[in-house]
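In: pasting the structure only:
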């Protein structure tokens with residue numbers, strides 16, 4: 001049991017769109033990730049996904065609207081809902097999601113796809 005400094009952990013992350021595990025609780029991973037530009041449209045069939053913005057600005061595009069997130073705000077994307085994260089400015093985000101969650105969900109495998117057992121841990 002040790003405290004976690006988000007600032008220190010984020011300073012060690014250099015690759016965009018590459019979730020890094022910084023904690024685990026109740027079958028959930030706490031992940032930090034840096035975003036720039038756009039991700040891909042995808043959904044998670046059984047997992048909800050929480051995006052908490054630490055710094056920068058993030059939009060979560062849904063098929064019928066866009067959720068604008070600023071530092072200190074979060075949004076939970078329910079399972080089954082198509083979404084596309086878009087970094088309005090480069091941003092740092094904390095994710096809470098089940099340990100089994102594939103970061104690209106049902107999207108075709110691409111350069112950002114990381115299976116849960118392939119994620120870095122800090």
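Out: Perfect, I can see it now. Since we're looking at a predicted model, the values are computed, not measured.

In: please make it C-alpha for all contacts and neighbour counts, starting now.
Out: Will do.

In: the spatially most central residue of the chain pairs with what?
Out: Of all residues in the chain, the one closest to the mean position by Cα atoms, centre = their mean is residue 95, 4.5 Å from it. Listed by DSSP bridges, the beta-bridge partners for residue 95 are residue 31, residue 51.

In: that one touches residue 48, doesn't it?
Out: No - judged on Cα atoms under 8 Å, residue 95 makes no contact with residue 48 at a distance of 10.5 Å.

In: return the distance of residue 94 relative to residue 65.
Out: 22 Å (Cα to Cα, to the nearest Å).

In: between these two, which has more neighbouring residues?
Out: residue 94 (23 against 9; other Cα atoms under 10 Å).

In: which ones are touching that one?
Out: 30-33, 50-54 (Cα atoms under 8 Å, 6 or more residues apart in numbering).
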